[in-house]
Structure formats: structure tokens, C-alpha cells
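Novice: Take a look and give me a structure for this.
(chains A, B, C, D, E and F)
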There are 4 protein chains.
Amino acid sequence: MNPLVARKKLGRPCAVDPGETRKRLILEARRLFAEIGYDATTNRLVADAVGITTGAIYHYFPSKKEMYIAAYAEVQEMVYGALENAVAGQEVFVDKFSSMLDALAAISTQEPSFVGFVVGVSAESQRHPELTQDLRSLRSRTVKFLHEICEEAVRNGEVNEGITGQLLHDMIDVVISGLSRFSHVVDDADRRRNVVDGLKLLMAGTLLRSPVAR
Amino acid sequence: MNPLVARKKLGRPCAVDPGETRKRLILEARRLFAEIGYDATTNRLVADAVGITTGAIYHYFPSKKEMYIAAYAEVQEMVYGALENAVAGQEVFVDKFSSMLDALAAISTQEPSFVGFVVGVSAESQRHPELTQDLRSLRSRTVKFLHEICEEAVRNGEVNEGITGQLLHDMIDVVISGLSRFSHVVDDADRRRNVVDGLKLLMAGTLLRSPVAR
Amino acid sequence: MNPLVARKKLGRPCAVDPGETRKRLILEARRLFAEIGYDATTNRLVADAVGITTGAIYHYFPSKKEMYIAAYAEVQEMVYGALENAVAGQEVFVDKFSSMLDALAAISTQEPSFVGFVVGVSAESQRHPELTQDLRSLRSRTVKFLHEICEEAVRNGEVNEGITGQLLHDMIDVVISGLSRFSHVVDDADRRRNVVDGLKLLMAGTLLRSPVAR
Amino acid sequence: MNPLVARKKLGRPCAVDPGETRKRLILEARRLFAEIGYDATTNRLVADAVGITTGAIYHYFPSKKEMYIAAYAEVQEMVYGALENAVAGQEVFVDKFSSMLDALAAISTQEPSFVGFVVGVSAESQRHPELTQDLRSLRSRTVKFLHEICEEAVRNGEVNEGITGQLLHDMIDVVISGLSRFSHVVDDADRRRNVVDGLKLLMAGTLLRSPVAR
DNA sequence: GATGAATGAGCTTTCATTCAT
DNA sequence: AATGAATGAAAGCTCATTCAT
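Specialist: Next up, the predicted model:
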């Protein structure tokens, strides 16, 4: 047989780098899930982005669901890691909140959709009951983080009377998820920065007792 | 053939009311699109809810896309109609904002997902580029409503220096979309009411000049 | 547009006959499941045999499993119907058995694999646990038929001492399933007929007390 | 490099024993093919049972088909070896038959599915035409064994008039395959033993001339 | 001798859409 | 105005097989 004739291109093609594919896979999955959601992220889309076939995905994850869970876990880790870092040096609640917004803004600039991924997970969980269980256990771990901050603010008398930890938590939730959707949709970096600053001002207002006046 | 003899049950099965089916169709489509999103809302789901077959949908809409557009238009109309009503009697921005939040809360109680539908449309638009064009033209009409309110607040000197109409608009966007996601995900009516009240307090604070002090 | 140009061939193609496709579908499914088993019978194979696409199958059955159940139910009905007919006019066990063999032989000639389908179902059930439940309830109905015949033979003293109804049933099971496999594999009609006659002789022997001697 | 330092665990991981893997592979393949059939027996299932990867299978067999052929050949050898042993000391056909049934029962107790494997091969062959050729040549060798026994019985006048060797062979086929299916499906050891005894009685009856009366 | 990464074909299933009736 | 049969494309997933290492 003529050795110059191209052979069948089956089997593993001169591996680019062991472990490299896995990284690329998680990376692209993360990106796609974050950007267009669970349904719209088809295996083919992910595979094409990585440069493999859809079957190869199952070498790394037993199902699309698991791939999603893995991607979410990583992103959640990133986001909440950044948030924990952000509040680490801060004493009072307003400063913690400010730092968190800055941290979120920073992430949103690098990977515009990651914050939205974390925030949007509860909607995805409603649409896909199969995900609920796994997502809940993942989330419970980090929900406590915000909970703690809010309870502390209440204990320290940093909020007006009648404001409970629960309410403070819910309001932060509203602001953060609103911000993440905004960042996901709006490209203009200036507007994003301005909004972050605006929200800091907002939070520094009536809702909280002035720290100096305490 | 004797017209008194019952005919075969072919063709249109004695439609309950002409135009009735159309209404039911839009109603159920609205509900489903709002609740579970574009992808998860299959034609069959809508048809079953109405009590017709999937084929019959195409008597009313040339495609699923158009049905979505129509549903969105109606919901948008409802929501923004309510908002316009809400601000009608109010002079100052803070009061307008308060009234709007109340209006949104009222809608969220009746049809929990409609506000989220309007807000979430931009995400759906990213997932489904085919929708983008039609949605944009729909939205442009109502975007002006908030724009006008914000510009007026700036003109009237109701906001602190450095706050532009654009920024005010963006921040309202953030708060409203955050609230709508919250309402979609949280069932507890008390928590929802509390959050609305909290947001009113928030907005009445530092960000804006105190009306009395003006 | 030139009306001579062929249009897209979507939608329902001038229906051959309403209800006709359903019949063909069940027919071919029956044949294929009986001949090559559950796994080897792909939706494509069935669809091609009928002349439709694989998707159309789901118009008639919600899943491949249900299609199998339906096919099995029909075949079981046929086979056991024939068996019940066969034993109807017979008084003594040996004659019942003879008639049953003749009935099975007749079916095997018309549809060579139907008897094997009924017999092979327990193996298929082991391979596919999802089928077990539905199959069991179907089978329980007809298992009683053989059970009754065997118990009656014991009650009437037609079998040697020590032979229980259970054992008689099991042996008939062995012979019938053996015969069905044989008929499935051997094409030669003469050999099949001879084997049936041979089995009659076999059963007329020592195992049972001689009817005359009773 | 210091040979005492543990090496990387690449390449062949200190194979327990050369040739050992091959044995284990055939063993597990045999078991799985016999138990759940050709289709349901995936390479992965076999590989996992052995403790290797699917790729490694191809060091021992060029394809799944060949693995099946090999497994079948071994089992056939075992079963027919046992049968040959069983008939070795017997003079008359009825005794040979009895001994064979006992041998089959013994195998069925140890490896419940092996007899069924041998018997079921013709069905598998119909499902998978690719197997037909190879299986036929394998089977032809051992088919002669039963053929010889039956012809001898006819020559020795052990059967009633009109019973040919072919027919006797076919009937044994029916009984043996029926028994094997029964053993595969029924777990109860008592029932299995009883059926074997029942079949011996059956065969000792009318069909054959009574040896004493000869 | 064995792994592990990858392929390509095929499977069951879903779905928007079409169209004769 | 509506049904019901059918399509074709695509989805998630499995599997035998290949091959660089």
C-alpha cells in the first residue's frame, strides 16, 4: 500500500497535551453555561468550542448534568472566594458591601457572565428539577457566607430598627442579582463602573445608621 | 343527508367561541413563557394547556418565535401600563419610584412571573439570536418611559450632583430586575413585601437630595 | 415561482389510509421483536419496514418499551388464544397436549417467530429490567391457563404418582419452549411436523398413566 | 535512576501474571455473553470485570465478534466435553440420555448460563448475521456428536419404527434447549432437579421400545 | 501489555413545523 | 378552525474501535 496515502483518522490524534483537553472542556463549558444557560448549551456547542466530538465529553463527565454541576461549582468557588477575600479586611457592613461590589465588578470585567451564572442558578434549578438536589447542596455551603455578614451587621447595630438579618440578606440578593444581570447585558465599561459606584452610595444612605452617629 | 343527524366529529369541533381560542392561546403562552422560559415552553405544552393540537397554533402564529413576541408584547404592555398608571399622580421621583415598586409588587402577586418575563427577555434574546431583532424594536418603545422619568428627576435637581439620567436609569434597572428575579424565586409573600419596603427606604436615602432640604 | 418545481416534502404526505400506518407499525414491530429481539430491533428498522421515519413511531407509542409491550400483548393473545381454542374440545390431558402442539405448529408455520416471542420474553425481561414489571402483569394472566390444565390432570389421576402439577407445568414449559426455539431456527416444514408428532408420542408414554389402564 | 525508587505507574502496571489476564478475560466474557447476551455485553462491562480498559481487549481479540466466538468455542467445548464424558460408559440410548441430562444439570448448577449459551447461539446468530458464518463452522464439529448417538440408537433398534436418527436428534435438541432455557429462568434448584428427573421418565416411555422387551 | 484520549456511527427521543383532510 | 399524521433536524448518550504514548 502506498504509504503516502492518508490513513484513516480514527483513534486518538497525536494528543495536544494530556490534561489540556480537560481544562479546555471545563473552561468552555463554564463559559457557555454562564452565557447562554443550560438548555441552549448543547454538547455539540461545547465540543466544537473545545475541538473534540460530543462523545469525548463523556470521557470527562458522565452526563451533561454533571458537567453543569462541575462548571457551577468552579464558578461559585471563584465568585465566593473573591467575595470572601473582599470582605476580609473590612470592619463595618457598608465597607464590606462596597468591597463586595468592587470584587463582583472585577470578575464581571474579566468573565462577564460568571456572576450571572451563580445568580441565575436558582432559575435554572426551577426549570430543571434534576439539577435541584445537586445544586442545593452546593449552594448551601456558600449561602451561609452572606447570612453571616448580615446577621453580624444586625448584631452590631449597623442597621435601622426593624431591619432583620433576613431582610438585609434579601436586599443584598436583589442588588447583586440585579447588578449581575445588568453586567451580563450591558457592555459599556463606564456604565458598569458608574452603576457600582451608585449602588455604593445607595447603600450608604438611610437604610443603615450612620456609623459615626453610633 | 339529513342535517338533523349528528355529523362526524371532524374539522373544527364546535369552537366554544370564535376568538376565544386565540385569547386562551395567548394567555397560556404568556404564562408558560414567563414561568419556564422559551426553550422549556414547547408547542405541545401550550397546546395542551389550551386544549388544542400543536398544528392549530399555526392558525394564530406563523411560528413559535412570533408567539413569543406576541406574548412578550402583551406582558410588556401590562407591566409598563401599570407602571405608567403608578407614576401618574406623583410629582417627585422618590414617590414615583415607590409607586412603581408597589405596582410591580401587585403584578408579582397576581402573576408571579410576568415581571420576570419582561426583565428576563434580554437574557432570552442572548440565548436565541433569532429573537433579538423583534424584541429590540418592542423594547425601544417602552424604554423611553423610564428614560423620561430619570431625565426629569435630573432636570428637577432631585438627584445628587454627578448623577446623570443614564446612571439613574441603570440603577433602577438593576433594582427592578433584581427584585423581579427575587420574586420569581422566593415564594414567601412577607419576605417579598419587606424587600419592597426596604428598597423604598434605600432609595429615599443619600443618593437623592432630601426633598425637604431642597 | 414555477409551479412545476417540486415543493418541499414536509408535513403529512397524502395519507395512504388513516389507521393503515398504525396497523403496519404494530405488524412490523411484532415481526421484528419476535425475530431478532428487543435490542436488535431498532426504531429505524421498524420505521423503515413501515415506510415512515423514526420520529413518527412516537405518534403511536410513547417509547420503544411501550411498543414492545404492545407487540408482546398482541402475540401473547394470539398464541394463548389458539392454545385455549385447542384444548377446548379435549377431555384428557394427553389429548389437550396434542392439540396444543398442533396449534403451536400451525402458528409457527404462519408466523415462525411468534411462539418464540412469547417464550423468549422471560429472557428479555432479565436483560431489560425496565420491561419486567409490565411483562409480569401481562404474563400472570395467561400463566394460569397452563396451571389449570396441569392441576386438573393431577386431580383426575392422569399422571403417575409423585408428579405434581408444578412439575407437569414445568415440563410442558420445557417442551414448548424447546419446540418454539426449534421452530424458530429450523425452516424445514417436514422436520417440524415430525418433531411435533414425536413429542406427542413422547408425552403419551411412561410419564402419564395409560388412560385405558386407569 | 535509582532502581529502588518507585517508578511512575505508566505502561503495563506489573501484570499479575503473564497469560493470567487472557484467562480472566475469556472467563468474564464467557460469563457475560452467557448471562446477558451479545448486545448487552459491552466491552466496558467485560473490561471492568477483568480490571483492564476496553482498549486492552484488542490485544487479545481483534474484535468483539472474535471474543464472542472464542467464548462460545470454550463453552461449547466444556458442555460437549461433559456430554461425551457422560455417555462414555453407557450402552443403551436411554441411559446415555439420562447421563447427559445429569451432566447438563451439573453444569447448570455451577455456571447457570453456559448451557443456555450453547443453545442460544443460534438465536444470537439470527440477530447478528456477522456471527453466522463463524458460528456455523464451530457448531458443525460438535453437532456430529449427537448425530452419532442418535444414528446408533436407530441402528441398534432402540427406537420405535418410523423414528429416524434425524428425528431423534431434533427431539433431543428440543428437550435440551427447552431445559436450558428453563434453567436460565428458574432459580429454584428443586424444581430444576425435578424437571430433569421428569424428562428422564418421559424419555423412558412409549417413544422407545422397552429395553427389557427387546 | 496496557492506558487513556478520541472518533464516528448509531441509538432513543424530542420538537417545531407542514399539510391533506 | 382544527386535527392528526408525518417530517427532518437535532439533542443527549453509548459503544466498538483506534492509536499515540
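
Novice: Specify the local secondary structure of A:Leu202.
Specialist: helix (DSSP: H, G, I helix; E, B strand; the rest coil).

Novice: And for it, the neighbour number?
Specialist: 22 (other CB atoms under 10 Å in any protein chain shown). In this view, the C-beta of every residue, glycine as well, is placed from N, C-alpha and C.

Novice: and it, how far is that from B:Ile176?
Specialist: A:Leu202 is 14 Å from B:Ile176, where distance means CB to CB, to the nearest Å.

Novice: what does A:Arg22 give?
Specialist: Distance from A:Arg22 to B:Ile176, by CB to CB: 41 Å.

Novice: With A:Asp197 instead?
Specialist: 19 Å.

Novice: now do A:Thr54
Specialist: Noted for A:Thr54: a distance of 39 Å to B:Ile176, by CB to CB.

Novice: residues in contact with the least confident helix or strand in chain A by mean pLDDT?
Specialist: Sorting the helices and strands of chain A by mean pLDDT, DSSP states H and E puts helix A:114-127 at the bottom, at a mean of 87. Here helix A:114-127 makes contact (CB atoms under 8 Å, 6 or more residues apart in numbering or on different chains) with A:30, A:33-34, A:37-39, A:71-72, A:75-76, A:78-80, A:104, A:107-108, A:131-132, A:135-136, A:139, A:176-177, A:179-181, A:183-184, B:36-37, B:40, B:123, B:181, B:184-185.

Novice: what residue ranges in chain A score low on pLDDT?
Specialist: Regions of chain A meeting the criterion pLDDT under 70 cover residues A:1-18, A:206-214.

Novice: In it, which helix is the longest?
Specialist: Counting by DSSP state H, the longest helix found in chain A is helix A:129-155.

Novice: Remind me what it packs against, helices and strands.
Specialist: On a contact count with 3 or more CB pairs under 8 Å, 6 or more residues apart in numbering or on different chains; DSSP states H and E, helix A:129-155 meets helix A:64-88, helix A:93-110, helix A:114-127, helix A:165-185.

Novice: Compare these and report which one is nearest to D:Ser99.
Specialist: With CB to CB as the criterion, D:Ser99 lies closest to helix A:64-88 of those, at 55.7 Å.

Novice: So which bits of that closest one are buried?
Specialist: For helix A:64-88, burial by neighbour count (16 or more other CB atoms under 10 Å in any protein chain shown) applies to A:64, A:67-72, A:74-76, A:78-80, A:82-83, A:86-87.

Novice: Same check on stretch A:124-133?
Specialist: Quick answer for stretch A:124-133 (16+ other CB under 10 Å): A:Glu124, A:Ser125, A:Gln126, A:Arg127, A:His128, A:Leu131.

Novice: quick one on the thing from earlier: could you check the angle helix A:64-88 makes with the least confident helix or strand of chain A?
Specialist: 130 degrees (axes from the mean of the first three to the mean of the last three CA atoms, to 10 degrees).

Novice: touching DNA strand E at all, helix A:114-127?
Specialist: No - Helix A:114-127 stays clear of DNA strand E (CB under 7 Å from any atom of the strand), getting no nearer than 11.6 Å.

Novice: CA-only coordinates of that helix, as PDB, when you get a sec.
Specialist: What follows is helix A:114-127, C-alpha atoms only, in PDB (Å, rounded to 0.1, in the frame of the first residue of the first chain):
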ATOM      1  CA  PHE A 114     -19.700  34.300  35.800                       C
ATOM      2  CA  VAL A 115     -21.600  36.400  38.300                       C
ATOM      3  CA  GLY A 116     -24.800  35.900  36.400                       C
ATOM      4  CA  PHE A 117     -24.100  32.100  36.300                       C
ATOM      5  CA  VAL A 118     -24.000  32.000  40.100                       C
ATOM      6  CA  VAL A 119     -27.100  34.200  40.400                       C
ATOM      7  CA  GLY A 120     -29.100  32.500  37.600                       C
ATOM      8  CA  VAL A 121     -28.600  29.100  39.000                       C
ATOM      9  CA  SER A 122     -31.800  29.200  41.000                       C
ATOM     10  CA  ALA A 123     -33.900  29.900  37.900                       C
ATOM     11  CA  GLU A 124     -32.100  27.000  36.100                       C
ATOM     12  CA  SER A 125     -32.800  24.800  39.100                       C
ATOM     13  CA  GLN A 126     -36.600  25.600  38.700                       C
ATOM     14  CA  ARG A 127     -36.500  24.800  35.100                       C
END
